[in-house]
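K.L.:
Dropping a prediction and its sequence here:
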Amino acid sequence: MEGREDEGHRSDVGWNRLPDYGIRYRRPGRKAGLSVTGCDGGRKTDHNGPLELEPHRPLENQPQRLGWGTGVACRQFLDLRHRLRKGVCSILRPRRLRAFLVVVLLVAFGKGFGAVSQQGVPIRSTEQAEKAPPASFDAVYQSGISSLRAGQADRAVESLTQAVRLNPNSKPARCALGQAFINAGQQVESVEQFQKCVELAPGDLQSQYNLGQAYLRLALTTAGKVLESGDTSSYARRIFAENYVGKKAFTEAETQYRLALQGEPEARDLHLAIGDLYLRMGKPAQARAEFRKVLDGIPVSLAARYRLAEVDFLQGDFASALAWLRSATRLDPGFLRSHAGFPELAASGSSLGDVCSRLSKFALTAPDDSALTLLKGTCRRNLPPRTLRMPGNAVSGDTRPPALVSAGDGHELTASELCLAGLCKACEDRLRSALTARFANTETVSEVGRCEYEAGDYESAYRYFLDLAKQDAKHLASLYWLQESARRLAAQSFDRIRQIDPDSYLVHVLSARSWEEQQQTARAIQEYKAAIARRPDAVNVRVLLGHLQWKWQQYDDALQQLMEALRLDPANPAASYLVGDIWVQKHDPEKALPYLNKALSLRPGFLNAEASLGRALAQLGRFQAALEELNTVASADQDGSIHYQLYQVYLKLGRNDNAKAALAVSEGIRSRHKGVLLDLP
């Protein structure tokens, strides 16, 4: 029976995951819900979802194409839809290069990572701040910070908004206001404030990070709205497919893409996505067939030509690859300059080495032009300098967005088809008159947004789709492309972090989360330790590492990190909970109780801690107290573990009927949960 208990208790599914730390909370006097790890690494309250934020995977080429990005966990999506219907908003995982890592916005005031800078302004209590003159920037700023730390989001927004009015160029006030908006559940407003932070300090790593997280948060809540509308919409299918791609479950991804295509038979971008999937699966013939379908429908499609060139290049058919690239260049002379990352679908080093070795021989006799230069540049970028000898000059590192081209005016294509073809200028021209009308319809604005997205102008696309979402919160196409644009903007922010400081501790954290999601535990631990070496006082990095070791039952190593985290920040509820739960797992409840009680005193309604406390009390033989504690959190049971613990306690108390009922509920939840995992729509 003990094994079953452990299985339920240690379930790391859905929103019961740590980092955020996947921690579950309930608000006093309300239905069980969620709270947030925020500015001070765990002291924020009263937000309506976990911040499970995922920047893209580091150290990989970042393609800019439709259908590529970070992924979303299907289990969390389905669990989120269930909670949304119960009135509890949640946040999903983002997607970018299918990295599937979960990173919390840990904006600690002076501790942890994600710090909101407050240089030169000492923190005072709310009472001290309120004694200052009402119009004083220092007074209202300090009042806002105090409210933010106390979890009073609305008061913080009010005070910090006033501070920003008094000093619009105060970066600390802008960043703190952005966090206050997050805690108040106002993602759009938080993005606006973090944008201002970046404008005030473009080279500041933390500002870039916070902006990226804000975009991701908005993307995730928007994705939740797509899922809330139903699991079987074509846009939900897209999200499920992208999740599977990130998990390298390519067969399941293909199934979801095909189902999405049934709902959108004219969505040729889905054929591109399926073709990309086939390339990842090592099926070039099937990939070529999908790209051909796009070209048959849109003969001037630059996207299809580019992908066909990729297929032929990776197959060693250089003459055909050059023919496709040259045909794209004839349609858009600037096209190749904006695709210096060719091929965007990465090949392994060994296979690419073989391809490039053959290319070096082919290039000796082939006429040199921009297309051949692009192929040669591919080999120079991706292989060590001495691996091969390649004649000619290196390709420019230009990574500008695709050029807005004017070709295609003579083709009878819709505006969206022009965009998909890469002929964005023609698309824009066709829609301009309609867009400038006083009342442009939703379809027109959406088409323009798609044009901007395809052109790589994600900021403009974001604004168009945001306006549409404000007008119609149930327009699935607008919501889907809004979250896609927001994800791209988040990725750009994280890219800038790597450009500013490739060895930043934040980069190592992001890499660690990537390895963790791929269940490469040893590599994840290595990256976390590298981050800690660069930022020893980063409390939340230690908690993330401790959580990973806790999850894999490396309890002694986890205790080392978590106790150091508590030394640095004694008021960290996540660390207190994890230490307490480790002692529960070690069957030493006397040691567990102080930490669990502390976690609950720091964060009332901390569901994970309450459940662990109930188990500790049961281990001590205090069954009635354990029963009361477990019943407090039973309504929030997401995986059946709490009701299973109730079942065991009822048995100890001799209440067999209650035990039988609790076991039935536990098995019912587990059965439904199993359906979520295996019976995806």
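P.N.:
Received it, and whenever you're ready, just let me know what you need.
K.L.:
hey, let's count contacts and neighbours off CA atoms from now on
P.N.:
Noted.
K.L.:
contacting residues for residue 582?
P.N.:
550, 555, 559, 592 (C-alpha atoms under 8 Å, 6 or more residues apart in numbering).
K.L.:
and of those residues, the nearest to residue 300?
P.N.:
Nearest to residue 300 among the contacts of residue 582: residue 550, at 54.4 Å, using C-alpha to C-alpha.
K.L.:
returning to what we had before: the contacts of residue 582 in helices, which ones?
P.N.:
Among the contacts of residue 582, the ones falling in helices (DSSP state H) are 550, 555, 559, 592.
K.L.:
gap between the last one and residue 615?
P.N.:
Which is residue 592. Distance of residue 592 to residue 615, given as C-alpha to C-alpha, to the nearest Å: 10 Å.
K.L.:
okay, these two: which has more neighbours?
P.N.:
Using other C-alpha atoms under 10 Å, the more surrounded residue of residue 592 and residue 615 is residue 615, with 30 against 25.
K.L.:
Contacts only, for the more buried one.
P.N.:
Counting by C-alpha under 8 Å, 6+ apart, residue 615 makes contact with 584, 626, 645.
K.L.:
Where does pLDDT dip in the protein?
P.N.:
Applying pLDDT under 70 to the chain flags residues 1-135, 338-341, 344-350, 381-440, 673-681.
K.L.:
returning to what we had before: ok, the contacts of residue 582 vs residue 247, which is closest?
P.N.:
Using C-alpha to C-alpha, residue 550 is the member of the contacts of residue 582 that sits closest to residue 247, with 22.7 Å.
K.L.:
how about the closest one, what does it touch?
P.N.:
By C-alpha under 8 Å, 6+ apart, the residues touching residue 550 are 558, 578, 582.
K.L.:
what does residue 528 give?
P.N.:
Here residue 528 is in contact with 508, 509, 512, 541, 542, 545 (criterion: C-alpha under 8 Å, 6+ apart).
K.L.:
where's it relative to residue 541, distance?
P.N.:
Going from residue 528 to residue 541 by C-alpha to C-alpha gives 7 Å.
K.L.:
Would you mind listing the residues touching both of the two?
P.N.:
Common neighbours of residue 528 and residue 541 (C-alpha under 8 Å, 6+ apart) are residue 509.
K.L.:
tell me the strands in the chain, going along the chain?
P.N.:
Assigned by DSSP state E, the chain shows strands spanning 25-26, 32-33.
K.L.:
Quickly note the distance from residue 544 to residue 509.
P.N.:
Counting by C-alpha to C-alpha, the gap from residue 544 to residue 509 is 9 Å.
K.L.:
coming back round to it: what's the overlap in contacts for residue 592 and residue 615?
P.N.:
By C-alpha under 8 Å, 6+ apart, residue 592 and residue 615 have these common neighbours: residue 584.
K.L.:
could you redo the contacts of residue 582 as TSV and give each row distance to residue 476?
P.N.:
Below are the contacts of residue 582 laid out as TSV (distance: C-alpha to C-alpha, whole Å):
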residue	distance to residue 476
550	39
555	45
559	46
592	47
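K.L.:
From these, pick the one nearest residue 657.
P.N.:
Taking C-alpha to C-alpha as the measure, residue 592 is the one of these closest to residue 657, at 30.5 Å.
K.L.:
Which residue is the nearest non-sequential neighbour of residue 476?
P.N.:
Counting by C-alpha to C-alpha, 6 or more residues apart in numbering, residue 476 lies nearest to residue 226, which is 6.1 Å off, once chain neighbours are set aside.
K.L.:
Number of residues surrounding that neighbour?
P.N.:
Residues lying near residue 226 (other C-alpha under 10 Å) number 27.
K.L.:
does it really touch residue 237, like I thought?
P.N.:
No: checked against C-alpha atoms under 8 Å, the pair residue 226 and residue 237 is beyond contact range at 10.2 Å.
K.L.:
before we move on, the earlier item: adding distance to residue 219 as columns, could you present the contacts of residue 550 in TSV?
P.N.:
Listed next are those as TSV, based on distance: C-alpha to C-alpha, whole Å:
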residue	distance to residue 219
558	32
578	29
582	34
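K.L.:
Closest one to residue 566 out of those, please.
P.N.:
Ranked by distance to residue 566 (C-alpha to C-alpha), these are led by residue 578 at 10.8 Å.
K.L.:
in the stretch 451-600 of the chain, which spans are helices?
P.N.:
For the stretch 451-600 of the chain, applying DSSP state H, counting those that start in this stretch gives helices covering 458-471, 476-500, 505-517, 521-534, 539-551, 555-568, 573-585, 589-602.
K.L.:
Report all helices and strands that the third one contacts.
P.N.:
For helix 505-517, the helices and strands in contact under the criterion 3 or more C-alpha pairs under 8 Å, 6 or more residues apart in numbering; DSSP states H and E are helix 521-534.
K.L.:
Kindly calculate the angle that the helix it packs on makes with helix 505-517.
P.N.:
If you take axes from the mean of the first three to the mean of the last three C-alpha atoms, to 10 degrees, helix 521-534 sits at 160 degrees to helix 505-517.
K.L.:
which parts of helix 521-534 are buried?
P.N.:
Across helix 521-534, burial judged by 16 or more other C-alpha atoms under 10 Å covers 521, 523, 524, 525, 526, 527, 528, 529, 530, 531, 532.
K.L.:
what's the angle between that helix and helix 539-551?
P.N.:
When the same axes, to 10 degrees is applied, the directions of helix 521-534 and helix 539-551 differ by 160 degrees.
K.L.:
Need the CA coordinates for helix 521-534. PDB is fine.
P.N.:
Provided in PDB are the C-alpha atoms of helix 521-534 (Å, rounded to 0.1, in the frame of the first residue of the first chain):
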ATOM      1  CA  THR A 521      18.600  15.000 -15.500                       C
ATOM      2  CA  ALA A 522      22.400  14.900 -15.300                       C
ATOM      3  CA  ARG A 523      22.800  17.600 -17.900                       C
ATOM      4  CA  ALA A 524      20.000  19.700 -16.300                       C
ATOM      5  CA  ILE A 525      21.800  19.500 -12.900                       C
ATOM      6  CA  GLN A 526      25.100  20.500 -14.600                       C
ATOM      7  CA  GLU A 527      23.500  23.600 -16.100                       C
ATOM      8  CA  TYR A 528      21.800  24.500 -12.800                       C
ATOM      9  CA  LYS A 529      25.100  24.300 -11.000                       C
ATOM     10  CA  ALA A 530      26.700  26.400 -13.700                       C
ATOM     11  CA  ALA A 531      24.000  29.000 -13.100                       C
ATOM     12  CA  ILE A 532      24.600  28.900  -9.400                       C
ATOM     13  CA  ALA A 533      28.400  29.300  -9.900                       C
ATOM     14  CA  ARG A 534      27.700  32.500 -11.700                       C
END
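K.L.:
With that, I have no additional questions.
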